[in-house]
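Novice: Sequence and predicted structure, then a few things I'm wondering about:
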Amino acid sequence: MSTAAVPAVRRTKRTSWGSVLPTFGILLIVIYCLAPFYWMIVSSLRPDTEIFDNTWWPQHPSLENYRAVFSSTNNFTQGLANSLIVSVIVTIVALAIATFASYALARLDFRGKGFLLVVVLATSMFPLVAIIVPLLKNFSAWGWINTYQAMIIPDLSFSLPLAVWNLTSFFRQMPQELEQSAMVDGCTPGQAFRKVILPLAAPGIFTTAIIIFIGAWNEFLVAVTMINDPSMQPATVLLSKFTGASQFNTPFGSQMAAGVIMTLPLVLMVLLFQRRIVAGLAAGGVKQ
């Protein structure tokens, strides 16, 4: 073998290892993320007599846990409807407010804008458990207990800062020449925003909507504190209150089945719209 061929062989080996190691790392991350969901599916298919088995697949698969979830005693269908109503309203209202606010923060220059953005982000980091008692006191005085607004308003207060921060960063990447060109062609500032900026900002808005929806869908603390009427409770609260054959029996199988049912819409939504999500994340991170 000539001396010129030796570096080529080494370079080939180095290149092969360079492609294998990232793939192996990604595979480990995927397994780590999906293993709990897989085990939840397997546990939901186990009968109560096999619920504590450690096999990779149930010996006698059964759908009895799913039938138990949708029994009349659990009222889980109404809980899913309540979760959907709250999540959709929170997502629409938060996006409507955050889109205009973030566009103004990205385009207007005024004193204290940086400090205002820091305050907006800091409000999303405030622990919810620290304000849950004052919220309960105020909502009780206003007669908001067992109402949708008792869940929507707190969810909005924590969804809006994140939405404003994400969309502000996204709008900053869009050149101002877009609006200027539209106004040269005869558009008003409002028309330029509606016809030019919003269509181009769709990936970032869509990504933010997914994040807001998932947060509102999974919310538990506010709902379990403010809502004690079973017909108004979201699915997260009803899941935690599933009962077995007796008060000392925990229905792990039914809880796993309910967890699968609640997780599947989020997984399907992300899989269906993954291109828009990736486009929004990539567009927000590329400087124009």
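Specialist: Looks like it arrived, so ask away.

Novice: the strands in this protein, which residues?
Specialist: Counting by DSSP state E, the chain forms no strands at all.

Novice: What segments of this protein are helices?
Specialist: Along the chain, counting by DSSP state H, helices occupy 5-44, 64-69, 76-107, 113-124, 132-142, 149-172, 177-184, 189-192, 198-200, 202-217, 221-226, 235-240, 252-272, 274-285.

Novice: Those: lowest mean pLDDT?
Specialist: Note on those: lowest mean pLDDT is at helix 274-285, with a mean of 59.

Novice: ok, residues contacting stretch 48-61?
Specialist: Stretch 48-61 has contacts (CB atoms under 8 Å, 6 or more residues apart in numbering) with Val42, Ser43, Leu45, Arg46, Pro47, Pro251, Phe252, Gly253. For every residue, glycine as well, the C-beta is placed using N, CA and C.

Novice: still on that earlier bit, dump the helices of the chain to CSV, plus distance to Pro58 and mean neighbour count.
Specialist: Listed next are those as CSV, based on distance: least, CB to CB, whole Å; neighbours: other CB atoms under 10 Å:
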stretch, distance to Pro58, mean neighbour count
helix 5-44, 6, 11
helix 64-69, 11, 18
helix 76-107, 22, 19
helix 113-124, 41, 13
helix 132-142, 39, 13
helix 149-172, 36, 21
helix 177-184, 56, 14
helix 189-192, 59, 13
helix 198-200, 49, 11
helix 202-217, 28, 21
helix 221-226, 31, 20
helix 235-240, 21, 21
helix 252-272, 10, 17
helix 274-285, 30, 15
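
Novice: Same list (those helices) but as a markdown table, adding distance to Asp53.
Specialist: A markdown table is the format used below for these (distance: least, CB to CB, whole Å):
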| stretch | distance to Asp53 |
| --- | --- |
| helix 5-44 | 9 |
| helix 64-69 | 14 |
| helix 76-107 | 25 |
| helix 113-124 | 42 |
| helix 132-142 | 39 |
| helix 149-172 | 38 |
| helix 177-184 | 60 |
| helix 189-192 | 62 |
| helix 198-200 | 53 |
| helix 202-217 | 31 |
| helix 221-226 | 31 |
| helix 235-240 | 22 |
| helix 252-272 | 11 |
| helix 274-285 | 34 |
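
Novice: re the thing from before, determine which two of the contacts of stretch 48-61 are furthest apart.
Specialist: Val42 and Pro251 (16.2 Å; CB to CB).

Novice: care to break this protein down by domain?
Specialist: The chain breaks down into these domains under the TED database: 20-61, 74-285.
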